[in-house]
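Chemist: structure of the sequence below:
(chains A and B)
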Amino acid sequence: MKKMICMIAILTLLGGMANAQKIKGSDTVLPLAQTQAESYAKKHPKANITVTGGGSGVGISALMDGTTDIAMTSRKMKFDEKLKLKEAGKPVTETLIAYDALAVVVHPSNKISKLTREQLEAIFTGKITNWKEVGGDDMKIVVYSRETSSGTYEFFKESILKNKNYVSSALSMPATGAIIQSVGQTKGAIGYVGLAYLCPEVKAISISYDQGKNYIAPSFETAKNQSYPVIRPLFFYTTKGTPASANDFIDYVLSETGQKQVKEIGYIPVK
Amino acid sequence: MYINPMKNGLKKFTEAITEKILLFSSGITTLTVILIVIFLFKEGMGLFSSPDIEEGYVLAVNQENPINQLTPEESMEVFDSKITSWKELGGKEEDILVFRLSDVTNYADETSLGDEFQFLPHVLDSIITVNPGIIAFIPQQYIDSTFTGKILNNGHITAESFFDGKYWYPTASPSPLFGLLPLISGTLWISLFAILIALPFGLAVAIYMAELANQRTRKIIKPIIELLAGIPSVVYGFFGLVVLVPLVQKVFNLPVGESGLVGSIILAIMALPTIITVAEDAIRTTPRSMREASLALGANHWQTIYKVVLPYSMSGITAAAVLGIGRAIGETMAVLMVSGNAAIIPSSLLEPMRTIPATIAAELGEAPVGGIHYKALFLLGCILFILTLIISISVELINTRKKA
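Modeler: Predicted coordinates:
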């Protein structure tokens, strides 16, 4: 009898192991992967998916030392990371699962409704400090940023600031909700939030990446057809040792129901 | 009376066991505290031997370039395009060209790097050779023996740059900046003003409750004040962000409401229970004989309070104030939400400020374990520890004086 129980225990453990998939990486992708994993588990009761965050870099280094099956990232793998993985003999496969767009927001009473990337860079690095320098009222610009630990902070820094540092007087907020709250109650404020968080308390501005020829307003449609410039791809990375069941999960994310969920969570589906 | 020797023996035995258990738990507690302190300082002190450029990377320039070394501030300004000519750094009249490894695809296509990127060192070398004004931030491993450019010497993070640094850019690359001044000044400003706001209120309530209130009022007020201590700090923070921030912004007509003042007000509310409880206890311990002597000499109730009771309990009130400061300095979440967290050296209370606990809470989650940012945050923890240690020691000193 005892032996039987032991055997059953071991078998279930092994069975569980065979279906266990570990997903690790970006905190931006985390809510998406978690919801997907839950609904996937409903359809495949045997599947056992663990999703953990930690940041894109953490996910990729976990993929490198084999502690995760899928690395989720909110940016394309960096050149030097690719190099490292190649050196370790682990060529990677990249799967684009969704897009995330960032909107630049101001107080609803602000006259400004469009800015170029160069103007935004000057505002966020502290070269422009008054709204009248970009055609608005004579009012001090109050720059809101996220904390350094946030993926959004890094993405905005790369995309808009071209890797320059934020002005040191920028107010750094612990969460997107806090940015909405603060921008909504501060007349001279400017900040950035994920597209899904846009609400009537703040005004999103149109952005031009071609020196002011075309200004594109952030919306689900412009993000989806890629005309809105402040957009980042979200990826799943797998490598040679990744089990087939993990690929099954990726297929699920890319399926119609999976992509519908992407939209529900507030990201932009790829299909 | 007859005492059962068995029962007596058992009693002695349990007493001995209890004594051992008490000894053991106090020993464990002391040991834990000491270990935490040792851990804190061990991690924190590592910062001063770390190189001031990201680990595993080098800054390389063209071999013709006369510059040999850049300070972290200089390299940050170069990579932020605030310094655009080598002349400003004492070099030749030449525009600076900033190069990061990911820019390599703008200079060479991926095929010329080889399938295994084996030609990368060669490509980097030639890019640095043909661009006289270049400054390249590249991994050390792609510098091989044939490299013809010049690698800049890197310094180490010094105690001076930490304690006297004016900028806090912990994730800047190539050179992060860890300057304590904006953070410590933010912490001290907010705590100091918190106590300035809290002390008059706290003292007033304490005097009222100890001297003036009747038994019934006291029974109602006391639990309410103790309830203040039980509200989670994030709730205070939320209240501050939604109610106090717009209010302060309107009243002072500020461009931005998140400021040291809101942080101070919130902290003052949070420090009130401590101040009131400790001060009230101190006032209550004034001996009855002293009060009666004062009243017998013809002083009225109010004169007795401020000529006899308050001077007598002064050391207890000071202890209350100092304990309140201790509460304010260590508070994290509420301040993180309302004070704006801009790492600048404040010139007035109405500016955004960043405190040490808020910095640690916001940044530790994403700092790579054992890295330079991680060590810097631990060092901040050490500073905070020393601050609160000074406060505890002063409370101790004040209490000894009281007994003497």
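
Chemist: and residue A:20, bridged to which residues?
Modeler: residue A:48 (DSSP bridges).

Chemist: quick one, strands of the stretch 101-250 of chain B?
Modeler: Secondary structure of the stretch 101-250 of chain B (DSSP state E, counting those that start in this stretch): strands located at B:134-139, B:150-151, B:168-169, B:177-178.

Chemist: most neighbours per residue, which of those strands?
Modeler: A comparison of these by mean neighbour count, using mean count of other C-beta atoms under 10 Å in any protein chain shown, puts strand B:177-178 on top with a mean of 24. C-beta here means a position set from N, CA and C on the backbone, and glycine is covered the same way.

Chemist: pLDDT of that one, averaged?
Modeler: If you average the pLDDT over strand B:177-178, you get 90.

Chemist: name the helices or strands packed onto that strand?
Modeler: Applying 3 or more C-beta pairs under 8 Å, 6 or more residues apart in numbering or on different chains; DSSP states H and E, one finds that strand B:177-178 contacts helix B:72-79, strand B:168-169.

Chemist: same list, the ones you listed, but as JSON lines with mean pLDDT and distance to chain A please.
Modeler: Output for those, formatted as JSON lines (pLDDT from 0 to 100; distance: least, C-beta to the nearest C-beta, whole Å):
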{"stretch": "helix B:72-79", "mean pLDDT": "86", "distance to chain A": "7"}
{"stretch": "strand B:168-169", "mean pLDDT": "90", "distance to chain A": "6"}
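
Chemist: ranking the ones you listed by burial, who's on top?
Modeler: Among the helices and strands packed on strand B:177-178, highest average neighbours (mean count of other C-beta under 10 Å) belong to strand B:168-169, with a mean of 23.

Chemist: who does that one touch, helix- and strand-wise?
Modeler: In terms of contacts (3+ C-beta pairs under 8 Å, 6+ apart), strand B:168-169 is packed against strand B:177-178.

Chemist: thought residue A:63 was touching residue A:94?
Modeler: No: no contact is recorded between residue A:63 and residue A:94 when judged using C-beta atoms under 8 Å, the distance being 11.6 Å.

Chemist: distance of the residue most central in space within chain B relative to chain A?
Modeler: The residue lying closest to the centre of chain B (C-alpha atoms, centre = their mean) is residue B:356, at 1.6 Å. Taken as C-beta to the nearest C-beta, to the nearest Å, the spacing of residue B:356 relative to chain A amounts to 15 Å.

Chemist: is stretch B:252-266 positioned near chain A?
Modeler: Yes: taking C-beta under 8 Å from any C-beta of the partner chain as the criterion, stretch B:252-266 and chain A are in contact, through B:255-258.

Chemist: need the residues that contact stretch B:237-255.
Modeler: A:139-140, A:142, A:178, A:181-182, A:185-188, B:256-259, B:261-263, B:265-266, B:333-338, B:350 (C-beta atoms under 8 Å, 6 or more residues apart in numbering or on different chains).

Chemist: could you dump the strand ranked longest in chain A to PDB, C-alpha only?
Modeler: The longest strand of chain A (DSSP state E) is strand A:92-106. Listed in PDB are the C-alpha atoms of strand A:92-106, where the atom choice follows Å, rounded to 0.1, in the frame of the first residue of the first chain:
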ATOM      1  CA  VAL A  92      17.300  31.800 -29.500                       C
ATOM      2  CA  THR A  93      13.900  31.900 -31.300                       C
ATOM      3  CA  GLU A  94      12.000  35.100 -31.100                       C
ATOM      4  CA  THR A  95       8.200  35.300 -31.000                       C
ATOM      5  CA  LEU A  96       6.400  38.600 -31.200                       C
ATOM      6  CA  ILE A  97       3.300  38.300 -29.000                       C
ATOM      7  CA  ALA A  98       2.000  41.900 -28.600                       C
ATOM      8  CA  TYR A  99       2.800  45.600 -28.700                       C
ATOM      9  CA  ASP A 100       2.700  48.100 -25.900                       C
ATOM     10  CA  ALA A 101       2.300  51.800 -26.700                       C
ATOM     11  CA  LEU A 102       3.200  54.700 -24.400                       C
ATOM     12  CA  ALA A 103       1.200  57.900 -24.500                       C
ATOM     13  CA  VAL A 104       2.600  61.300 -23.400                       C
ATOM     14  CA  VAL A 105       0.000  63.000 -21.300                       C
ATOM     15  CA  VAL A 106      -0.600  66.600 -20.100                       C
END
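
Chemist: now that strand, how far from the centre of its chain.
Modeler: In this view, strand A:92-106 has its centroid 5 Å away from the chain centroid, taken as C-alpha atoms, centre = their mean, to the nearest Å.

Chemist: what about it, average pLDDT?
Modeler: When pLDDT is averaged over strand A:92-106, the result is 90.

Chemist: now swap in stretch B:264-277 and tell me
Modeler: Mean pLDDT, taken over the full extent of stretch B:264-277, equals 92.

Chemist: neighbouring contacts of it?
Modeler: So stretch B:264-277 is contacted by B:189-191, B:193-199, B:201-203, B:205-206, B:209, B:225-226, B:228-229, B:233, B:236-237, B:239-240, B:244, B:248, B:320-321, B:323-325, B:327-328, B:331, B:334-335, B:338, B:349 (C-beta under 8 Å, 6+ apart).
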